[in-house]
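Novice: sharing a sequence plus its predicted fold:
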Protein chains: 2
Amino acid sequence: MADDKKLTPRAEDFSAWYNEVVLRAELADYSPVKGAMVIRPWGYGIWERMQAALDQRFKDTGHENAYFPLLIPMSFIEKEKEHVEGFKPELAVVTHAGGKELEEALVIRPTSETMIYHMMSKWVQSYRDLPLLMNQWANVMRWELRTRLFLRTSEFLWQEGHTAHATAEEAEVEALKMLGVYREFMEKWIAMPVVTGRKTDSEKFAGAVRTYGLEAMMQDNRALQAGTSHFLGQNFSRQFDFKFQSVEGKEEYAWNTSWGVSTRMVGGMVMTHGDDEGIVVPPKLAPVQVVIVPIVKAGDSKAEAIHHKADELGGMLTAQRVRVKVDHRDHLSPGAKFYEWERKGVPFRMELGPKDLDKQQVVLVRRVKPEGGERKEFLPQHHAISMLPDRLDAFQRELLARAQKRREENSHRGVKDWGEMKEILETKGGFVYTGWSGDPAVEARAKEEMKATIRVIPDPEFRSGTAPTTCIGGGGASKMEVVWARAY
Amino acid sequence: MADDKKLTPRAEDFSAWYNEVVLRAELADYSPVKGAMVIRPWGYGIWERMQAALDQRFKDTGHENAYFPLLIPMSFIEKEKEHVEGFKPELAVVTHAGGKELEEALVIRPTSETMIYHMMSKWVQSYRDLPLLMNQWANVMRWELRTRLFLRTSEFLWQEGHTAHATAEEAEVEALKMLGVYREFMEKWIAMPVVTGRKTDSEKFAGAVRTYGLEAMMQDNRALQAGTSHFLGQNFSRQFDFKFQSVEGKEEYAWNTSWGVSTRMVGGMVMTHGDDEGIVVPPKLAPVQVVIVPIVKAGDSKAEAIHHKADELGGMLTAQRVRVKVDHRDHLSPGAKFYEWERKGVPFRMELGPKDLDKQQVVLVRRVKPEGGERKEFLPQHHAISMLPDRLDAFQRELLARAQKRREENSHRGVKDWGEMKEILETKGGFVYTGWSGDPAVEARAKEEMKATIRVIPDPEFRSGTAPTTCIGGGGASKMEVVWARAY
């Protein structure tokens, strides 16, 4: 069906724009179960490409996939004290199965540390069995009150890596390595720049010793936590009696890490690149990178030749490993097709009409106007075909550069005091870099007064040239620089 | 750890052999939740290859992946009368979530027809939106009393294809097409021959008009239903008000199909090819196709050169797209490594010792003795490397041929009467081909008296040269030939 109604502009209501564009780009739909969404083929195709790229990186770094049960005994969740506090309010509980009430209630996994470290304790005897590097692609459930498509849904798809090591140092290296893998993926594939660093205690994972995170800035200047990696210490291995015999022949508890990213990243992609026409899918993630639209009017004598040429050009692109679709549908006008593919964020459109056929040219239209250039180009057919792989790469890079520029323009350093921070966060938003004493009371006050949290204690490369000397909370000295923002 | 305890021989106790080999090949393990298993990396690696091959075939035949919610409202399951009768006793029910009792209980999907046709009804308006060809890779749950690793677990991984069509004929063609896709996959990838055909009414899917199935014969001569494809007619579209406007402008209910295969196929692979040393993984599914074992004794002056050469040969195999592992572990003897990799079913082992190094040769050992040949060969290194891709192909083909031969040897045609069928099924097992009147009372009697069911009404190519004329149940004429067996 033609669907050429305009989207609510981002500037008018970013939140309304987001919901509309996710639905109308056919990324996802609401389901009849509260808080659960349906991921439609276009959205799932993007997720599949995210999965494939990450999975390859996990394997390249020595991890193996496995699969653990969906249901976890309630008693497992309750073993780690912080873990149960963090997750219990969000659990979905199975009380009946096979027509009977269960003796012990089972919960749908909100995350799988408890199950996985229980199982690993059976498989590992000595240091020779370590490290154990595993990953699982799975669905998890966290019952949320307020849900948003992709960003916060009761059920979501993710991967959770779980590893066990003989030493704390090795586990720490692993947690940081996977943070790096995530960062590279988010920058190179989603074209979404992230600030990496450590979370404060109040923002860390329930059960972790330390949590590292990746924070992206959306177009409404709010932060999105795009992924986390945890150094779990021996918190879970002690609860699940996960021991091994060390080189010296002593029994020791294993050191663990866990790390995960989810379908939330699709929401991050939408809010990083989308515009008032629709979403913009970075070429590496696009199920279709180039759509070829034959421009044919009813009764056109060249119709057959145009469709044929469109297929021929499509075949040439496929041979270059470009993902291409030739849109032959005859009940939609070319204009309706343009709208549809722009809304769905296909990187390039190639138009081919009767004049183009005669001149052996095509019209190539990029989804986003290049800096200082035009969206539309008239190109000889062979030229257009041969240059497309490079054009796709260039578009991918430009999307990242554009997002980086936007983030820097909305990052505020050298902020004087509490009042200025508040004003920035309430009017413009963005990332505010300040000094912090380490006192959680300052975090609590910011949350209360300006709905902002410390997103990360940034890694060195993100820190300000001149380190802040005083804590933004007033009074004391700064112990570390931190990044504040309002977050999803 | 070295684990060289012998497996229970198949001939002694096939069922015990199966459980042992699945655990000791590290395909899977029991979990603390009744009936749910953990799929370990070796088993998951095999499943990943099954997934990749099937997924490519689904896409090649025009299907797109999507993802639908895990939880389904109880009222959805109850809409289709036969569907609820079939599935209600096996449901796992979520009654509480987010700390509260739910207004309506939600069930963990046992299959997703109800949810998917509800959603499709929102997306389809006219015949132009059809066919809608979707697939989902997901976990499902059917609470079973007696479970077996991979064969029958409360939670399992599978894919479920769901399609909607404008005509009954088109849907029927789709259901049969996917049956063909499954068959090709099972023969070419799992090297597991199957008899295809239609299920009788008493064995069809709860809610289907017709079910088609694929039946494989395990080494204990029992049948394994390896996959099914259903023509659903309008049974679900009527319950979920899934209508479309036809070419003629009339409102009509859509015609649906669904089809699925699961992790059960891993169990089928084990019981088709395994032997008393362990499992045998067909090369196309093997996470490791060739393991290179350096034969090095303590203090061997050539140790370093041997390890180095092993890596070099490994690199050459990788360059030929052979999946190879060089087993450098120094705390295990070569013999212990041989046992381990044989148990895990790696197709080829390459041994490299000091003498081999001098002679520029390797010892190549195939997991299964070739017909009329030897398992072990001494080959010049370059020769071994260059021929391995062909050897892997040949091994793959031989596994299928061997399984086909075994199946034919245990297929019984021209069976005289009820007594002979009973004797065959009670002593030898296998597939028994007979005539059938179509009377379900005959099926009920066979189930009662010999624990056997009609596995399929076989497709033409599997039927006997001379069609049986009388029903095996006695008395009446045969209306169709059927295949009886005891089944998993």
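Specialist: Yep, it's here.

Novice: quick one: end-to-end distance for stretch A:477-488.
Specialist: End-to-end distance of stretch A:477-488 (C-alpha to C-alpha, to the nearest Å): 30 Å.

Novice: got a list of what A:Glu184 touches?
Specialist: Each residue near A:Glu184 by C-beta atoms under 8 Å, 6 or more residues apart in numbering or on different chains is listed here: A:Arg57. Placement of C-beta: from N, CA and C, glycine included.

Novice: ok, now how distant is it from A:Ala52?
Specialist: As for A:Glu184, its distance to A:Ala52 is 15 Å (criterion: C-beta to C-beta, to the nearest Å).

Novice: got a list of contacts for stretch A:394-412?
Specialist: With C-beta under 8 Å, 6+ apart as the test, stretch A:394-412 has contacts from A:187-188, A:191-193, A:217, A:219, A:221, A:272-273, A:280, A:282-284, A:347-348, A:366-368, A:370-371, A:424, A:428-433.

Novice: quick one, which of those are buried?
Specialist: Among the contacts of stretch A:394-412, those buried by neighbour count (16 or more other C-beta atoms under 10 Å in any protein chain shown) are A:187, A:191-193, A:217, A:219, A:221, A:272-273, A:280, A:282-284, A:347-348, A:366-368, A:424, A:429-433.

Novice: A:Asp300 touches A:Leu357, doesn't it?
Specialist: No: the pair A:Asp300 and A:Leu357 does not pass the contact test of C-beta atoms under 8 Å, sitting 10.3 Å apart.

Novice: what is in contact with these two at once?
Specialist: By C-beta under 8 Å, 6+ apart, the residues touching both A:Asp300 and A:Leu357 are A:Ile306.

Novice: between the two, which one's more packed in?
Specialist: A:Leu357 (19 against 14; other C-beta atoms under 10 Å in any protein chain shown).

Novice: could you look up the SS state of the more buried one?
Specialist: Here A:Leu357 is recorded as helix under DSSP: H, G, I helix; E, B strand; the rest coil.

Novice: quote the end-to-end distance of stretch A:257-268.
Specialist: Span of stretch A:257-268 from end to end, C-alpha to C-alpha: 25 Å.

Novice: does A:Val365 touch A:Lys376 like I think?
Specialist: Yes: the pair A:Val365 / A:Lys376 is scored as a contact, 5.0 Å apart, by C-beta under 8 Å.

Novice: higher neighbour count, these two?
Specialist: Neighbour totals were compared for A:Val365 and A:Lys376, and A:Val365 leads with 19 against 12 (other C-beta under 10 Å).

Novice: quick check on the more buried one: phi, psi?
Specialist: Per-residue torsions, A:Val365: phi -120, psi 120 (degrees, to the nearest 10).

Novice: give the contact list for it.
Specialist: Applying C-beta under 8 Å, 6+ apart, we find A:Val365 in contact with A:Phe348, A:Arg349, A:Met350, A:Glu351, A:Arg375, A:Lys376, A:Glu377.

Novice: so the last one sits in a strand?
Specialist: Right, the one you point to is A:Glu377. Yes: looking at A:Glu377 with three-state DSSP, it is inside a strand.

Novice: so which strand or helix has the closest residue to it other than its chain neighbours?
Specialist: Sequence neighbours aside, A:Leu364 is the residue nearest to A:Glu377 in space, at 4.9 Å (criterion: C-beta to C-beta, 6 or more residues apart in numbering or on different chains). Assessed by DSSP states H and E, A:Leu364 sits inside strand A:361-366.

Novice: any idea how far the closest residue to A:Phe150 other than its chain neighbours lies from A:Tyr117?
Specialist: Leaving aside its chain neighbours, A:Phe150 sits nearest to A:Gly267 (3.4 Å; criterion: C-beta to C-beta, 6+ apart). Taking C-beta to C-beta as the measure, A:Gly267 falls 30 Å from A:Tyr117.

Novice: and stretch A:200-216, what's buried?
Specialist: Going by neighbour count (16+ other C-beta under 10 Å), the buried part of stretch A:200-216 is A:200, A:203-216.

Novice: swap that for stretch A:20-37, please
Specialist: For stretch A:20-37, the neighbour count (16+ other C-beta under 10 Å) marks A:20-22, A:24-37 as buried.

Novice: returning to that earlier point: the buried residues of stretch A:200-216 in strands, which ones?
Specialist: If you go by DSSP state E, the buried residues of stretch A:200-216 have A:Arg210, A:Thr211, A:Tyr212, A:Gly213, A:Leu214, A:Glu215, A:Ala216 in strands.

Novice: take those residues and write them to CSV, including pLDDT.
Specialist: Below are those laid out as CSV (pLDDT from 0 to 100):
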residue, pLDDT
A:Arg210, 97
A:Thr211, 98
A:Tyr212, 98
A:Gly213, 98
A:Leu214, 98
A:Glu215, 98
A:Ala216, 98
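
Novice: which one of those is nearest B:Val326?
Specialist: The shortest approach to B:Val326 among these belongs to A:Tyr212, at 33.5 Å (C-beta to C-beta).

Novice: that closest one touches A:Arg198, doesn't it?
Specialist: Yes: using C-beta under 8 Å, A:Tyr212 makes contact with A:Arg198 at a distance of 5.6 Å.

Novice: quick one: average pLDDT of stretch A:234-251?
Specialist: For stretch A:234-251, mean pLDDT is 97.

Novice: that stretch and chain B in contact?
Specialist: No: Stretch A:234-251 is not in contact with chain B by C-beta under 8 Å from any C-beta of the partner chain; minimum separation 10.5 Å.

Novice: so which residues make contact with that stretch?
Specialist: A:79-80, A:82-83, A:113-114, A:117-118, A:120-121, A:124-127, A:129-130, A:164, A:166, A:207-209, A:252-256.

Novice: filter the residues you listed down to the ones close to chain B.
Specialist: The subset of the contacts of stretch A:234-251 within reach of chain B, by C-beta under 8 Å from any C-beta, is A:His118, A:Gln125, A:Ser126.

Novice: which of the residues you listed ranks first by neighbour count?
Specialist: Ranked by neighbours (other C-beta under 10 Å), these are led by A:His118, which has 23 neighbours.

Novice: that one: what secondary structure?
Specialist: helix.

Novice: surely it meets B:Asp29?
Specialist: No: between A:His118 and B:Asp29 no contact is recorded; they are 11.0 Å apart, counting by C-beta under 8 Å.

Novice: residue in the stretch 201-350 of chain A nearest to chain B?
Specialist: Using C-beta to the nearest C-beta, A:His331 is the residue of the stretch 201-350 of chain A that sits closest to chain B, at 5.9 Å.
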